[in-house]
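A.B. asks: my questions are about this predicted structure, shown below with the sequence.
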Amino acid sequence: VDIYGRILSRYMFDEDDDSYGLNAVWSDIKYTDAFIDYDIPFPIISATGGVDTNISEYAYNVFEINPFEFGSFSPYVGGFIPIEILGSILDAGLPFQSAHCTFDFDNAGFLTAASSNILEGYQDVLEGFLAGDANDTALAYRAFGQNISASYAEILLDMVNSDINDTLFALVDNPYYNSSLASIDSSMTTNETLKLVDGGYFDESVPLDSFLAPVRQIDVVFAFDNSGQTDDNWPSGDSLFATEERWAESFPDDNFYELPSSVEEFVELGLNKKPVFFGCNGSSLVTDENNPNATVEYNVMKPLLVYIPNTNYTTLSNITDYQFSYAERDAIVANGFEIAQNDGEEDFAQCVGCAIIRRSEERAGIEISPFCNKCFSKYCFEIESVPDNSTISEIIPKTIYSSSALPSQLSSYLSKKTVSGAFPTAFA
């Protein structure tokens, strides 16, 4: 994964930028002028991980990496740490045996590689390679060497040592070792090493967790699905179903977006080939979670989800993750532009505007305009659950933001420096 991070850095940084960002760290983003002046979006990447040998349990732990913190809203993890001390050896939240904290472990290339770590998919082949199996050795060379020279492939595979974990995972000293943050019993506290992989390994190629956290009070999410789950490598909506399944396991008392009954129905309805709005009726997505330390009322609506899948408007963009070079890069980028504007569909941009303001309208009790009502009839899944324009305001949950002190509370909340809001940034 370290090597993969250096490869990615050669695409993210210029050569004269500290030798392709050799010492660039994620936490330094917040000190850049573009970040301070709000000229760039707030950058968040994610990964999944755990400490067990049973990798299937990692699916419940979605870790967020942002310029301030590393951590998870998952009840199996339960908190965040300042990203500057990622890599420190901690025991119950304190430096182990008075050891000093580690700094500069949040290397931009390494964390980006951890977020997109697909090496776990090669586990069976690599284990056979280590055991000397001729067939698996041939498969390993073919898998890693499809777009690089045979000599480089040989060097790469010879670096695989007998500890398969060093090859397959991004390894981090576990900041949750012996901690008591998790609200659900998990093994997260039992091992000193945290192992990270690409969340797409568990079919969640559209990472929604960071944006569904009630404390962030997000109104709309644009979810671009560039996965390849159909036989011909197009999106199938499977990522949404995977998130729904994990959400039910992690937050059994909460609700999720209304989806078709199955992935097959999702594809049959053609929802994997066009933009779809999910959660147009926010009153059905009010979280029941509560946190006594929250700065503002916590029973907020989930954001309206604008789902935009990869499709072939101008070129076949169903490439695989395992390609190392893209001859059709420019054509794919141009196709992405058409995807973003729904192939020039009339009024699509205005309908996106309707999606952006929908939650604000619901909180204020404002009826949907005739134009937006027409948009939602066209793009919302299960729009029939909202009977008509005249009754929409009657089903708005009146308890949302009902506090008379909200304006000052909200101002206080927005002025806070920490990103995770109601969640701890240090261990108790």
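C.D. replies: Sure, I can see it. In this text, all values refer to a predicted model and were calculated from it rather than measured experimentally.
A.B. asks: when you work out contacts or count neighbours from here on, use the C-alpha atoms and nothing else.
C.D. replies: Fine.
A.B. asks: what about the nearest residue to P95 once chain neighbours are set aside, distance to F96?
C.D. replies: Distances taken as Cα to Cα, 6 or more residues apart in numbering place I89 nearest to P95, at 5.9 Å, with adjacent residues excluded. As judged by Cα to Cα, to the nearest Å, I89 and F96 stand 6 Å apart.
A.B. asks: which of the two has more neighbours?
C.D. replies: I89 (24 against 13; other Cα atoms under 10 Å).
A.B. asks: how close does that one sit to T193?
C.D. replies: 9 Å.
A.B. asks: report the set of residues contacting both of those two.
C.D. replies: 173-174 (Cα atoms under 8 Å, 6 or more residues apart in numbering).
A.B. asks: would you mark the buried spots in stretch 188-202?
C.D. replies: By neighbour count with 16 or more other Cα atoms under 10 Å, stretch 188-202 contains the buried residues 188-189, 191-202.
A.B. asks: I meant to write stretch 241-258 there.
C.D. replies: 241-244, 247, 250, 255-257.
A.B. asks: okay, among those, which ones form the most distant pair?
C.D. replies: The span of the buried residues of stretch 241-258, defined through Cα to Cα, is set by S250 and Y257 at 15.1 Å.
A.B. asks: show me where the protein has its strands.
C.D. replies: 45-50, 62-65, 69-72, 79-82, 90-91, 94-95, 170-173, 193-197, 220-225, 276-278, 304-309 (DSSP state E).
A.B. asks: CSV please, covering those strands and showing mean pLDDT.
C.D. replies: Below are the strands of the chain laid out as CSV (pLDDT from 0 to 100):
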stretch, mean pLDDT
strand 45-50, 93
strand 62-65, 95
strand 69-72, 95
strand 79-82, 92
strand 90-91, 90
strand 94-95, 86
strand 170-173, 93
strand 193-197, 93
strand 220-225, 96
strand 276-278, 96
strand 304-309, 97
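A.B. asks: need the ones you listed in CSV (columns: distance to F337).
C.D. replies: Formatted as CSV, those follow (distance: least, Cα to Cα, whole Å):
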stretch, distance to F337
strand 45-50, 22
strand 62-65, 27
strand 69-72, 32
strand 79-82, 36
strand 90-91, 45
strand 94-95, 48
strand 170-173, 33
strand 193-197, 29
strand 220-225, 12
strand 276-278, 17
strand 304-309, 12
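A.B. asks: out of the ones you listed, the one nearest E362 is which?
C.D. replies: E362 lies closest to strand 304-309 among the strands of the chain, at 11.3 Å (Cα to Cα).
A.B. asks: can you list the residues that contact the closest one?
C.D. replies: 219-226, 235, 272-280, 282, 339-340, 355-356, 358-359.
A.B. asks: quick one, which of the residues you listed are buried?
C.D. replies: Taking 16+ other Cα under 10 Å as the criterion, what is buried in these is 219-226, 235, 272-273, 275-280, 282, 339-340, 355-356, 358-359.
A.B. asks: I'd like to know how far the closest residue in space to A223 that isn't next to it in sequence sits from E361.
C.D. replies: Excluding its sequence neighbours, the residue lying closest to A223 (Cα to Cα, 6+ apart) is Y307, at 4.8 Å. Y307 is 21 Å from E361, where distance means Cα to Cα.
A.B. asks: would you mind checking which of the buried residues of stretch 241-258 is nearest to T137?
C.D. replies: Scanning those for proximity to T137, where the rule is Cα to Cα, the winner is A242, at 32.7 Å.
A.B. asks: surely the closest one and D203 touch.
C.D. replies: Yes: using Cα atoms under 8 Å, A242 is in contact with D203, at 6.1 Å.
A.B. asks: quick one: end-to-end distance for stretch 210-225.
C.D. replies: Terminal-residue distance, stretch 210-225 (Cα to Cα): 16 Å.
A.B. asks: typo on my end, it should be stretch 43-62
C.D. replies: 16 Å.
A.B. asks: give me the buried stretch members for that stretch, please.
C.D. replies: Result for stretch 43-62 [16+ other Cα under 10 Å]: buried residues 45-52, 57-62.
A.B. asks: is S72 bridged to anything, and to what?
C.D. replies: Taking DSSP bridges as the rule, S72 bridges to G79.
A.B. asks: show me the contacts for Y257.
C.D. replies: 244, 278-279, 285.
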